[in-house]
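> what follows is a predicted protein model with its sequence.
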Amino acid sequence: MLNYNDISVSVIVSVYKDTQALKLILDSLLNQTHENFEIIISEDCESEEMREFLAPYKEKNLLKHLTQEDTGWRKNIALNRAAKESKGEYLIFIDGDIIPYSDFVQKHVESITHSRILCGKRVELGPFFSNLIRKGYLNPYIVEKLFGLFLPFLAMDKARHVEEGIKLKKGSSLEQKLNKKRPMIIGCNFSCFKKDLEYINGFDEDYTTPSVGEDIDLTWRFQHFGIDSQSVRYLANTFHLYHPRTWNSENVNANNAIMKKKWDNEEFICKNGLKKL
């Protein structure tokens with residue numbers, strides 16, 4: 001049995017210019033039930049607004065901020081840089097539009113097992129509730145604690161995957177039944193040992209548009225080496241703030257074609273990742 005209190009943890013947040021959402025994320029991360037972890041802001045650009053926004057946090061040594069030139073979608077490059085810079089032996093990844101529940105880090109850490117990737121989900125909030133939260137009229141912590149009461153109103157706002165906001169007790173018969181299936185990685189909420197990510201050479205930087213490259217591609221490469229996935233649905237919960245999609249079917253099809261070629265060539269360790277092979 002792993003002693004989760006002895007494991008060093010890094011939470012890596014992928015961001016692109018949205019300081020309003022990041023403020024909500026940091027409010028949650030700095031008030032987690034599990035406190036012993038570092039925060040790395042992995043920015044896929046060099047925004048002056050972001051730099052100024054994060055300056056007070058950096059002065060208090062609350063986080064590390066990494067940037068790179070803005071030349072289009074290069075999330076996988078930014079994620080690899082963050083993984084290299086991380087001090088934690090265990091890495092938790094979320095996106096810059098994902099607000100974690102107050103016990104999010106604790107639930108990931110308590111669920112750690114050797115050679116397992118932990119895969120979470122998210123409630124996709126509708127535009128009205130997202131706007132209320134962004135403007136500060138509604139605290140996401142209140143929605144978390146009173147989720148059952150908010151459910152019908154979230155449904156009216158056309159929220160998606162509202163069942164993912166429900167909390168279950170870890171190890172309960174219902175939780176074990178619902179989390180029995182092998183999950184796929186969703187890039188906005190997953191975690192793994194740093195050494196396992198290094199083993200497959202990290203994120204494949206050949207993917208230059210959203211979808212597939214930051215999650216599905218990782219899944220099959222991990223699984224080839226017996227690094228399986230385990231679900232933390234209903235445990236490590238998050239809210240996703242509404243925004244128009246940044247990807248389309250053309251992106252998905254192109255990335256699936258890239259992945260199939262790598263699959264056919266058995267490139268389980270990517271050549272263009274943490275190291276350039």
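Looks like it arrived, so ask away. Residues are numbered from 1 along each chain as shown.

> what about Leu54, which helix or strand?
Secondary structure from DSSP states H and E places Leu54 in helix 48-59.

> sorry, slip of the keys, the one I care about is Lys23.
According to DSSP H and E, Lys23 maps onto helix 19-29.

> thinking again about what came up before, ok, residues contacting the helix holding Leu54?
15, 17, 19, 22-23, 26, 41, 43, 63-65, 67 (CB atoms under 8 Å, 6 or more residues apart in numbering). Glycine gets a C-beta too; all of them are placed from N, C-alpha and C.

> which other helices and strands contact the helix or strand just after that helix?
Note on helix 48-59: by DSSP H and E, the next helix or strand toward the C-terminus is strand 64-66. With contacts taken as 3 or more CB pairs under 8 Å, 6 or more residues apart in numbering; DSSP states H and E, strand 64-66 sits against strand 38-43, helix 48-59, helix 75-85.

> each with direction, which strands does strand 64-66 pair with?
Looking at strand 64-66 with DSSP bridges, its partner strands are strand 38-43 (parallel).

> avg pLDDT for the partner strand?
Averaging pLDDT along strand 38-43 yields 98.

> how far away is Glu175 from Lys145?
Note on Glu175: its distance to Lys145, by CB to CB, to the nearest Å, is 19 Å.

> more neighbours, these two?
Neighbour count, other CB atoms under 10 Å: between Glu175 and Lys145, Glu175 has more, with 18 against 14.

> quick check: that one touching Leu235?
Yes. Counting by CB atoms under 8 Å, Glu175 does reach Leu235; the two are 7.1 Å apart.

> now do the shared contacts for the two.
Residues touching both Glu175 and Leu235 by CB under 8 Å, 6+ apart: Leu168.

> return the distance of Ile99 relative to Asn237.
Ile99 is 10 Å from Asn237, by CB to CB.

> nope, Asp217 is what I was after
Relative to Asn237, Asp217 is positioned 25 Å away (CB to CB).

> got it, and Ser173?
19 Å.

> circling back: how about the helices and strands packed on strand 64-66, which one is nearest Ile92?
Nearest to Ile92 among these is strand 38-43 (10.0 Å), distances taken as CB to CB.

> just the CA coordinates of that closest one, formatted as PDB?
Provided in PDB are the C-alpha atoms of strand 38-43 (Å, rounded to 0.1, in the frame of the first residue of the first chain):
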ATOM      1  CA  GLU A  38       3.500  22.500  -6.300                       C
ATOM      2  CA  ILE A  39       1.500  24.400  -8.900                       C
ATOM      3  CA  ILE A  40       3.000  24.900 -12.400                       C
ATOM      4  CA  ILE A  41       1.200  27.200 -14.800                       C
ATOM      5  CA  SER A  42       2.000  26.000 -18.300                       C
ATOM      6  CA  GLU A  43       1.200  28.800 -20.700                       C
END
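
> contact partners of that strand?
Contacts of strand 38-43 (CB under 8 Å, 6+ apart): 9-16, 22, 26, 29, 50, 54, 62-68, 78-79, 81-82, 85-88.

> ditto for stretch 189-200
For stretch 189-200, using CB under 8 Å, 6+ apart, the contacting residues are 10, 83, 86, 88-95, 98, 108, 112, 114-115, 117-122, 215, 218, 221-222, 225, 227, 236, 238, 268-270, 273-274.

> same question, stretch 104-113
2, 4, 7, 9, 11, 28-29, 32-34, 37, 90, 92, 101, 118, 120, 170, 191, 230, 232, 235-238.

> which among those count as buried?
Among those, those classed as buried by 16 or more other CB atoms under 10 Å are 4, 9, 11, 28-29, 32, 34, 37, 90, 92, 101, 118, 120, 191, 232, 235-238.
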